[in-house]
Every structure is written in structure tokens, then in C-alpha cells.
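Asker: here is my input; please provide its structure:
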Amino acid sequence: MERDKNSEFKEGLSQLRHDIESGTYAQNEKLKPLYEIARDYQVSQDTMREIVDQLVDERLVTRRLGVGVFVNPKPIYSSGIEELGSVTEMIKKAGKTPGTQFVAAEVIEPTKNDFHNFNYAELKRIALIERVRTADGEPVVYCIDKVDNDIVPIGHIHHQDSIFKLIHSSTGKQIEYAHASVEPIGYHDKVSPILNCGPDQPLLLLRQMHYTSDDQPILYSENYFRNDAFQFHVVRKRM
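Answerer: Modelled structure (predicted):
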């Protein structure tokens, strides 16, 4: 009896997963009520509930409390988080055309965190840039970047979409590595509406301090990624 239940689960899971991945269900489509979809795939309601739980874990669907189960859009970009690249490069690798919408650009006094992040007392002015990055015109990332205004003057910002390239052209140095932290967050009053995210759609916040090959901290960024458009993973090895 246990084997029959396991077989029912595996077959139903395989069929529904295949139908979602092959496009039988449209992106953001709401699935039928549990009893109907269980009947369609010839499994019990309890088994279909377990199947949906598994697909939620696999991020193929999202369960919205009191509303239903919806098919997640396929991410435009998926990569190991250990792979360092600019947002422009990420969007291009996804086969999309990157774009930029400037929200704000100003010169500010360094904060205590800025002195800590950039790690030198001579820091005088910070160029703060806020932008929306688009993929084929669709907003997918909200970027907040900070650089030393004496190294990369804020007046140069509007002439280059990629700050990585701007830093290289201004200093002759390449960004080689970054210290990063990843934080899933819920609805953000400012960012979520700009990225066309609903109240139940999470964001992925990637905080990074970027360094040149000679270990100079040169760029601090906070990037809010749409969770349905970007996926990051990490390879862990046993020590």
C-alpha cells in the first residue's frame, strides 16, 4: 500500500512538473482548485497537496494564502553566487537587452558605514546612484551604488550603464572580487512597486563590497532582484 502511494506521488509529480516546465500552464496562471487538479492527474487530494508542496519547494509554483496556487515565471538568469558579474552582464547572458532608468544621483557625506566599507579616513564625498535596471524593457533590479566621488565623479555616471566598466575607464583598474551577503526580504514600500512586484512577491537583496586586484575597496552596492527573474545558488564542499 505504501509503495502504491509513493508511486502515485512520483507519477503525479512528474506529470505536473513536466506540464509546468513545457508551458502547458502559462506563467502566473492560477492552477485549478486542489480537488480538480487531483482528478485531472488521477491522484488523491492528499497526494496532490504533497505534490504542490514539493513544487513550492522547487519554486515552480507559489501558494498565495487564501487566493490559490500560481505558476512562477521562469527566471531570466540563474547562476552560482560565486560568479561575479555586473547586472548588465547578467542580463546579457540571459539573452535580454539591458537598459537603465536613473532614479537619483547625488553627492553625499560619507556615513560611518561608508568609512568602514571603503576603509580609509581620507574619504570625503560619496557618489550615490540609484537606478532601475531593465531586461527587454521590463524592470528587474533596483540598484543602489556608492563610489568615492573623487575616484569616479558623479558626472560620468550617465554616460555608462555598467558601473564596472565606468570604474575601469576612470581608474584603469578591474573589479576582481567582492564580499557579498544575500538576504530574502518581503514587500518593500519603495522598491516593490517600481519593480512591479505584488505584496506577496519577495525580493532578493544582494549587498556587495567590490575590490580591485590590489585589494582596494572601490564599489559598494545594494541590488534588489526580482525573485521571479533571478535565481542564485552556491556550491558547498565538505571541508
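Asker: would you map out the domains in the protein?
Answerer: Domain ranges of the chain: 2-71, 77-233, per automatic domain parsing.
Asker: tell me the contacts of R49?
Answerer: Neighbouring residues of R49 by C-beta atoms under 8 Å, 6 or more residues apart in numbering: L34. C-betas here are computed from N, CA, C, even on glycine.
Asker: actually, D148.
Answerer: Applying C-beta under 8 Å, 6+ apart, the residues contacting D148 are F118, L123, R125, I126, A127, I218.
Asker: so which of these sit within strands?
Answerer: Using DSSP state E, the subset of these located in strands is I126, A127, I218.
Asker: nearest to S7 among those residues?
Answerer: Using C-beta to C-beta, I218 comes nearest to S7 of the ones in strands among the contacts of D148, at 56.8 Å.
Asker: with neighbour count added, can I get the ones in strands among the contacts of D148 in TSV?
Answerer: Formatted as TSV, these follow (neighbours: other C-beta atoms under 10 Å):
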residue	neighbour count
I126	23
A127	22
I218	20
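Asker: what's the closest of those residues to A105?
Answerer: A127 (7.3 Å).
Asker: wait, that closest one touches P153, no?
Answerer: Yes: counting by C-beta atoms under 8 Å, A127 touches P153, with 7.1 Å between them.
Asker: now render the domains of the chain as TSV, adding mean pLDDT and distance to M239.
Answerer: Shown next, in TSV, are the domains of the chain (pLDDT from 0 to 100; distance: least, C-beta to C-beta, whole Å):
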stretch	mean pLDDT	distance to M239
domain 2-71	88	27
domain 77-233	88	16
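Asker: ramachandran coordinates for Q27?
Answerer: Phi and psi for Q27, reported as degrees, to the nearest 10, are phi -60, psi 140.
Asker: residues in contact with the nearest residue to it once chain neighbours are set aside?
Answerer: Using C-beta to C-beta, 6 or more residues apart in numbering and skipping residues adjacent in sequence, the residue nearest Q27 is P73, 4.2 Å away. Listed by C-beta under 8 Å, 6+ apart, the contact set of P73 reads Q27, N28, D228, A229.
Asker: make a ChimeraX selection of whichever of these turn out to be buried.
Answerer: Burial among the contacts of P73 is assessed by 16 or more other C-beta atoms under 10 Å; the matching ChimeraX selection reads:
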select :228,229
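Asker: of all pairs in the contacts of P73, which one spans the longest distance?
Answerer: For the contacts of P73, the farthest-apart pair by C-beta to C-beta is N28 and A229; their separation is 12.7 Å.
Asker: hang on, the earlier thing: for G99, state which of the contacts of D148 is nearest.
Answerer: A127 (21.1 Å).
Asker: so in terms of bridging, what pairs with the closest one?
Answerer: A127 has the following beta-bridge partners by DSSP bridges: V107, V147.
Asker: so which two of the contacts of D148 are the farthest from each other?
Answerer: Using C-beta to C-beta, those span at most 14.7 Å, a distance reached by R125 and I218.
Asker: just checking, N227 touches P202?
Answerer: Yes: counting by C-beta under 8 Å, N227 touches P202, with 4.7 Å between them.
Asker: so what sits against both of these two?
Answerer: With C-beta under 8 Å, 6+ apart, N227 and P202 have common neighbours P184.
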